[in-house]
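K.L.:
this is a predicted model, with the sequence first.
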Amino acid sequence: MSTETKGKESLNFIEQIIEEDIASGKHNGTVLTRFPPEPNGYLHIGHAKAIVVNFGIAQRYGGKTNLRFDDTNPVTEDTEYVESIKRDIRWLGFDWEDREFFASDYFDQLYEFGADLIKKGLAYVDDSSAEQIAEMKGTPVAPGKESPYRSRTVEENLSLFEGMKNGEFEEGSRVLRAKGDMSSPNMHMRDPIMYRIKYAHHHRTGDKWCIYPMYDFAHGQSDSIEGITHSLCSLEFRHHRPLYDWFIEKLDIFPSRQIEFARMNVSYMITSKRKLLKLVKENYVSGWDDPRMPTIAGMRRRGFPPAAIRTFCERAGVAKRDNLIEIELLEFCVREELNRTCSRVMGVLDPLKVIITNYPEGQEEWLEAINNPEDESMGSRQIPFSGELYIEKEDFMENPPKKFFRLAPGANVRLKNAYIITCDEVIKDENGEITALHCRYYPDSKSGEDTSTVPAKGTLHWVSVPHAGTAEVRRYDRLFADPEPDGHEDRDFLEFFNPGSLEVLPKAYLEPGLKDARAGEQFQFMRKGYFCVDTDSTPGNPVFNQTISLKDSWAKAQKK
RNA sequence: AGACCCAUGGUGUAAUUGGUAACACAGCAGAUUUUGGUUCUGUCAUUCUAGGUUCGAGUCCUAGUGGGUCUACCA
């Protein structure tokens, strides 16, 4: 991984804060951030951004990043997700070393914190129902009312809180609340709930607890316990910050600081957990790792390199305003990475047979092909040529438009790494469908030693019929037809589902070397795009995913 | 309705903290090319509006407008 030195030019606002802190000697110049996923779902592109920001910023300032699972709600969380989350973070290229924590590790400490606040007269047990509490809460424009249980004595609160812990009360019958300010314009300061009773099995603490802390009484305290210096989160937690600070101040513990930044939105993608789940549950996609999904697992299977995702998140930047990053930037980063790293190979997705009429019957020859013109060190390989080839159906037109410089009756083209050919005859079946092309080749036009002087404007990819291997190829388009599928109040996001987002080509023809390709391997199919071997591949039946097409300025020009 | 946050090209992020708008993507035009790929060049902005402070404002102040967030025993 490249260590991106930020230099002096252009710091984002978080980096500015950190540099000021370092300059002033705060925390002795230490930087410790954290990535705090809740283990109740799969990571997606939005999490990737949070990961890159948290790990990236710490790295930049010689700091570290903790991984902490925010597992304070046992009814929604599960260990199953812990493993997938860890795998995804590692795959993205980040390492939390031995700093793997769980908010549940702190349940004992958190309970003590709760008791401490009671003793300080800053927390009380409330017997009100959820409905009553909601009603007493007031609204943003109307102050709330204080609970009738607010004035209990410290002793009573302490014993009630202990009773809650010991399972003496029914679920939902009591909560522990902080004594905030029921008339605060900030709803989160109106006696926020710290603990609730839940008789639920926790994925780590089992049945030890029947009371669980709320986010506001777990997250900041966990940060503080770990000595997190900069707790980076998304904008919607802005209103929680006064509470975050209040608990730390009243508890008199390590002063972690919360800093909010805008989460990243990407056009044509959704990141709502609920909506993603719906796509899976209702079989719009094949699973959480469907290559069309914006999940890390999906992007991995699609063939997006982790480095490309990292660069993408970095280029998207960090700020406080709402944003919608164009998916084209992600695509650019993916192509940029793949262009550098992928071997070029030839594969014909939609075949049209070409017979070289003047090529000696039964002859074959092996031609040299450069693996990657961007990287000489990747070397070259030999590919077979014969008198019977496949070319791409779209590379031939019987009545071509003006600037078409592919194959047409009487036209010449260069076959990549091979010879120049001229199309002499179009063979059709009884329905008038083109079944083959009869072409002539120029023996002295061989790539690298061309003395023919035959003019050829275009270059086509091809595959030798007798040597070709076959594969299933899956091509993907955007999952949604709208740049902001969940941005319409009046339309459901599913209305924008793109039914053409998956196209399966059962039989594509590939150069023979691809027979041994292993799952995960990536290639550029010349003139088509980047492809990776899917995990659905079986011996002898490879499956390729199209990660992304090559830019196609000809196709673009045709649309106009 | 209240409180809080935000406002710079089509998109996103910058602007040495008050000194005359930069970078990337996208678009458009062109050059190179045995991938219509890559690469290269050129081109694309009344900094939301109106006032004010200042020699000087994208940066500061005031008002307005627009967008977002907040009223879960979720995180």
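P.N.:
Cool, the structure landed.

K.L.:
skip the chain neighbours and tell me the closest residue to residue A:146.
P.N.:
residue A:182 (5.1 Å; CB to CB, 6 or more residues apart in numbering). (Each C-beta comes from the backbone N, C-alpha and C, glycine too.)

K.L.:
any idea how many residues pack against that neighbour?
P.N.:
17 (other CB atoms under 10 Å).

K.L.:
and it, what element?
P.N.:
Under DSSP states H and E, no helix or strand contains residue A:182.

K.L.:
residue contacts, it?
P.N.:
A:136-138, A:143-146, A:190-191 (CB atoms under 8 Å, 6 or more residues apart in numbering).

K.L.:
can you flag the buried ones in those residues?
P.N.:
A:136-138, A:144, A:190-191 (16 or more other CB atoms under 10 Å).

K.L.:
from these, which are also near RNA strand B?
P.N.:
Among the buried ones among the contacts of residue A:182, the ones lying near RNA strand B by CB under 7 Å from any atom of the strand are A:137-138.

K.L.:
closest to RNA strand B among the buried ones among the contacts of residue A:182?
P.N.:
Distance ranking of the buried ones among the contacts of residue A:182 against RNA strand B, using CB to the nearest atom of the strand, places residue A:137 first at 4.3 Å.

K.L.:
what's near enough to touch the residue lying closest to that closest one once chain neighbours are set aside?
P.N.:
Once flanking residues are discounted, residue A:137 sits nearest to residue A:144: 4.8 Å by CB to CB, 6+ apart. Residues in contact with residue A:144, defined by CB under 8 Å, 6+ apart, are A:136-138, A:182-183, A:190-191.

K.L.:
for the stretch 351-500 of chain A, which residues are neighbours of RNA strand B?
P.N.:
Applying CB under 7 Å from any atom of the strand, we find that the stretch 351-500 of chain A lies next to RNA strand B at A:372-374, A:403-406, A:414, A:416-417, A:445-448, A:450, A:458-461.

K.L.:
which members of those occur in strands, if any?
P.N.:
Secondary structure from DSSP state E places A:414, A:458-460 of these in strands.

K.L.:
contact partners of the lowest-mean-pLDDT helix or strand in chain A?
P.N.:
The helix or strand of chain A with the poorest confidence is helix A:553-559; it has a mean of 90 (mean pLDDT, DSSP states H and E). For helix A:553-559, contacts defined as CB under 8 Å, 6+ apart pick out residue A:403.

K.L.:
gap between it and the chain center?
P.N.:
Relative to its chain's centre, helix A:553-559 lies at 29 Å (CA atoms, centre = their mean, to the nearest Å).

K.L.:
any weak-confidence spans in chain A?
P.N.:
A:1-9 (pLDDT under 70).

K.L.:
hey, where'd the helices end up in the stretch 1-150 of chain A?
P.N.:
Along the stretch 1-150 of chain A, the stretches classed as helices by DSSP state H, counting those that start in this stretch are A:13-23, A:45-60, A:79-92, A:107-119, A:130-136.

K.L.:
buried set for the fourth one?
P.N.:
If I follow you right, that is helix A:107-119. A:107, A:110-111, A:113-115, A:117-118.

K.L.:
could you do the shortest one as well?
P.N.:
Within helix A:130-136, the residues that count as buried by 16+ other CB under 10 Å are A:133, A:136.
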